[in-house]
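[1] mind folding the following:
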Amino acid sequence: METGKVPTLEELADRLAIQDVLAQHSRGVDRADGAILKSAYWPDATVAYGGFNGPAHEFCAGLPEGMRQYAATQHSITNVAIELRGDEARVETYVTAYHYRADEEGQDTEMTYLGRYLDRMEKRGDVWKISHRQAVMDWNQNTDASSILEGPPFDGLARGGRHPEDPLYEHLG
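    Just a heads-up that it's a prediction; the model follows:
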């Protein structure tokens with residue numbers, strides 16, 4: 001599609017479905033919810049995450065435990081560039097991921113990851129999912145934590161967490 005060309009209604013629907021898959025993936029990672037994470041991938045999908053390269057559903061089964069080593073994470077996705085090719089799409093998505101690690105000795109740390117996801121996606125029937133994901137790291141930073149988790153203005157705020165304790169699950173009912 002030419003840059004800036006107005007999409008057809010079908011192309012618009014495809015783009016929205018693809019963006020939903022990407023959002024669900026981030027939700028699954030941050031809530032450490034393997035079922036949500038797997039829902040973003042076809043059963044025969046593969047991933048290339050550096051430390052793990054292989055079947056996506058196997059990756060999704062192990063990722064929640066790995067995410068629980070952090071007190072909190074947040075994966076924010078932006079700059080979603082989608083190239084539709086019929087029932088296939090090539091998608092580049094920028095990701096900024098924050099990882100907060102609480103240390104029993106008192107020196108918490110923060111890791112920030114900036115990179116991109118390069119996804120091959122397929123539409124089977126009327127459903128889009130990832131068929132292959134390659135994670136690309138552009139930059140990262142590890143620092144001592146600077147966050148303040150208690151006291152004004154944070155008193156009384158609901159706290160994010162992992163599946164099933166996160167307020168999201170009550171919200172979704």
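
[2] now the helix ranked longest in the chain: average pLDDT?
    Ranked by residue count and defined by DSSP state H, the top helix of the chain is helix 9-30. Throughout helix 9-30, pLDDT has a mean value of 98.

[3] give me the pLDDT for the residue nearest to D87 when sequence neighbours are not counted.
    Spatial nearest neighbour of D87, excluding adjacent residues (CB to CB, 6 or more residues apart in numbering): K123 at 4.3 Å. In this view, the C-beta of every residue, glycine as well, is placed from N, C-alpha and C. Reported pLDDT at K123 in the predicted model: 98.

[4] can you list the strands that the one helix or strand K123 maps to pairs with?
    The secondary structure element spanning K123 is strand 109-124 (assigned by DSSP states H and E). The pairing partners recorded for strand 109-124 under DSSP bridges are strand 88-101 (antiparallel), strand 127-144 (antiparallel).

[5] rewinding a little: pretty sure the residue nearest to D87 is touching I82, no?
    No. Judged on CB atoms under 8 Å, K123 makes no contact with I82 at a distance of 11.9 Å.

[6] looking at those two, which is more packed in?
    A direct count of neighbours by other CB atoms under 10 Å for K123 and I82 places I82 higher, at 19 against 16.

[7] got the buried residues for the one helix or strand the more buried one maps to?
    Take DSSP H and E as the rule and I82 turns out to sit in strand 72-85. Buried residues in strand 72-85, defined by neighbour count with 16 or more other CB atoms under 10 Å: 72-73, 75, 77, 80, 82, 84.

[8] re earlier: and the residue nearest to D87, what are its bridge partners?
    In this structure, K123 has beta-bridge partners W128, where bridges are defined by DSSP bridges.

[9] next one, pLDDT for G54 please.
    Listed pLDDT for G54 reads 98.

[10] next one: E2
    86.

[11] and it, how many neighbours?
    The burial metric for E2, expressed as a neighbour count using other CB under 10 Å, is 5.

[12] ditto for K38
    Neighbour count for K38, taken as other CB under 10 Å: 21.
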